[in-house]
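*Asks:* next one to model:
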Amino acid sequence: MFDARSMLISIPNWVGDVVMATAALSAIRRAYPHATITHLMRPYVAEVLADCELADDQVFWPGAGSPTRTTFGLITDLRRRRFDLAILMTNSFRSAAVVRAAGARRRVGYARDARGWLLTDRLLPKRVGRKYVPVPALDYYNDLARAVGCTDVCDRLILATSTADEAAVDRRLGAIDPDRPLIVLNPGANYGSAKCWPAEKYAALARMLTDRFDARVVASLSPKERDIADRLHAAATGPLEIFVDPPLGLGPLKALVRRCDLLITNDTGPRHFAAAFDVPVVTVFGSSDPAWTDTRFDKERAVMLDLDCQPCMERVCPLRHHRCMVDLSPQQVFEKAEELLESAKRTGRRRVVSH
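*Replies:* Sure thing, here's the model as predicted:
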């Protein structure tokens, strides 16, 4: 254990990574119950950790939506807080340079991006030659927790919702029929189009689910994904609710996933909301490698083809055919969804219908 009364943790920049880091963040909170813990993060991921009680304070990187205007202003603010320990869950040179300039006495992180000399305690990422070996982000962050003396480290992801989040979902859903499964679709992906299963296939899947299970199917998209919402609406041949205008926001989306019977999603951040709330989830993989994001969640089913070009890890298909998604049929995804829904019926799992 470190002698740390004041601790800074640099939080990952992607929604999914933030969720996968919560197991480590929770272990750190338990190991240092008397320390003042501050999270340094991008403003747009703050909603992910809201109400989790994993930190005492938060500060933000300069950028859109941040009260911090410059990096110099951020460093000045951090220096005033006199941190004994900084834990870097981000891998950038910049994050290591900022916490060193801020005067953190101990700085723990992975020796990546030519920043090892800025750290006092270095972890070495796994490599074969010059290539990084795929390691689940869950393990990657948990190893950081162990490096600062945490022994009570597990795989359990932690999220919470607020009363306002739940109320927002109540307003959008209205009355919920407890005898009909609520299925949420997440057809977008901020990372890029290579992660997106076509909207038309999601629409066909929605029809299969309503025909087979009399399900209520809801799709949630962000304003940047309006084109996906339009294609989904145009292709729908049965009841399908699309939440895009106004968008839910991350807090209410957590609440929506928390109370659904099944989430069907591309490999994107909200996928991990399901694991945190113990909700069955079917994840459609295209360009991405599941080895990087495996959370060992026993109610997750992955659907992925076995093409020579997979996984390419690119944002846009470099071969311009996008076969990893185009050739993946609604029937293949439906079979995994059916498996999870039938399993829940046999075990008598009750859906959460209110806060």
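
*Asks:* what ranges do the strands span in the stretch 201-350 of the chain?
*Replies:* 216-220, 241-243, 262-266, 281-284, 300-303 (DSSP state E, counting those that start in this stretch).

*Asks:* can you redo the ones you listed as CSV with mean neighbour count and mean pLDDT?
*Replies:* C-beta here means a position set from N, CA and C on the backbone, and glycine is covered the same way. Listed next are those as CSV, based on neighbours: other C-beta atoms under 10 Å; pLDDT from 0 to 100:
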stretch, mean neighbour count, mean pLDDT
strand 216-220, 24, 97
strand 241-243, 18, 95
strand 262-266, 27, 97
strand 281-284, 27, 97
strand 300-303, 18, 96
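
*Asks:* will you turn the ones you listed into TSV that also has distance to Arg127?
*Replies:* Formatted as TSV, the strands of the stretch 201-350 of the chain follow (distance: least, C-beta to C-beta, whole Å):
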stretch	distance to Arg127
strand 216-220	38
strand 241-243	42
strand 262-266	28
strand 281-284	27
strand 300-303	25
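
*Asks:* between the ones you listed, which one is nearest to Cys196?
*Replies:* Relative to Cys196, the nearest member of those by C-beta to C-beta is strand 262-266, separated by 5.7 Å.

*Asks:* direction included, what does that closest one pair against?
*Replies:* Paired neighbours of strand 262-266 in the sheet (DSSP bridges): strand 182-186 (parallel), strand 281-284 (parallel).

*Asks:* on that earlier part again, for the strands of the stretch 201-350 of the chain, which one sits closest to Gly149?
*Replies:* With C-beta to C-beta, the closest approach to Gly149 among these belongs to strand 300-303: 30.7 Å.

*Asks:* I'd like to know which elements that closest one is packed against.
*Replies:* Counting contacts by 3 or more C-beta pairs under 8 Å, 6 or more residues apart in numbering; DSSP states H and E, strand 300-303 is packed against strand 281-284, helix 330-347.

*Asks:* so which of those is the most packed in?
*Replies:* Burial among the helices and strands packed on strand 300-303, expressed as mean neighbours by mean count of other C-beta atoms under 10 Å, is greatest for strand 281-284, which shows a mean of 27.

*Asks:* how about the contacts made by Ala206?
*Replies:* Neighbour list for Ala206: 183, 185, 217, 219, 236, 238, 240 [criterion: C-beta atoms under 8 Å, 6 or more residues apart in numbering].

*Asks:* most widely separated two among these?
*Replies:* For those, the maximum inter-member distance is 13.9 Å, found between Ile183 and Ala236 (C-beta to C-beta).

*Asks:* these two: which is more packed in?
*Replies:* In this comparison of Ile183 against Ala236, neighbours counted by other C-beta atoms under 10 Å, the higher total goes to Ile183 at 24 against 20.

*Asks:* that one pairs with what?
*Replies:* Following DSSP bridges, Ile183 is listed with bridge partners Val217, Leu262.

*Asks:* any idea how far it lies from Phe273?
*Replies:* Counting by C-beta to C-beta, to the nearest Å, the separation of Ile183 from Phe273 is 14 Å.

*Asks:* do the same with Gly65
*Replies:* From Gly65 over to Phe273 (counting by C-beta to C-beta), the distance is 21 Å.

*Asks:* which one of those two has more residues nearby?
*Replies:* Neighbours per residue, other C-beta under 10 Å: of Gly65 and Phe273, the larger number sits with Phe273, 29 against 9.

*Asks:* and that one, what does it touch?
*Replies:* By C-beta under 8 Å, 6+ apart, Phe273 lies in contact with 19, 159, 253-254, 257-258, 263, 279.

*Asks:* residue ranges in the chain under the pLDDT threshold?
*Replies:* Counting by pLDDT under 70, the chain shows low-confidence ranges at 348-355.

*Asks:* which stretches in it count as helices?
*Replies:* Listed from the start of the chain, the chain has helices (DSSP state H) covering 15-31, 46-49, 71-81, 93-101, 137-147, 163-173, 199-213, 226-235, 250-259, 271-276, 323-326, 330-347.

*Asks:* buried ones in the third one?
*Replies:* Meaning helix 71-81. Using 16 or more other C-beta atoms under 10 Å as the test for burial, helix 71-81 gives 74-75, 77-78, 81.

*Asks:* from the contact counts, what lies against that helix?
*Replies:* Helices and strands in packing contact with helix 71-81 are listed as strand 6-10, strand 57-60, helix 93-101; criterion 3+ C-beta pairs under 8 Å, 6+ apart.

*Asks:* kindly export the last one (C-alpha atoms) in CSV.
*Replies:* What it means is helix 93-101. The C-alpha coordinates for helix 93-101 follow below in CSV (Å, rounded to 0.1, in the frame of the first residue of the first chain):
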residue,chain,number,x,y,z
PHE,A,93,2.4,11.1,-23.1
ARG,A,94,0.3,14.1,-22.3
SER,A,95,-1.4,12.6,-19.3
ALA,A,96,1.9,11.6,-17.8
ALA,A,97,3.4,15.0,-18.5
VAL,A,98,0.5,16.8,-16.8
VAL,A,99,0.6,14.7,-13.6
ARG,A,100,4.3,15.2,-13.3
ALA,A,101,4.1,18.9,-13.9
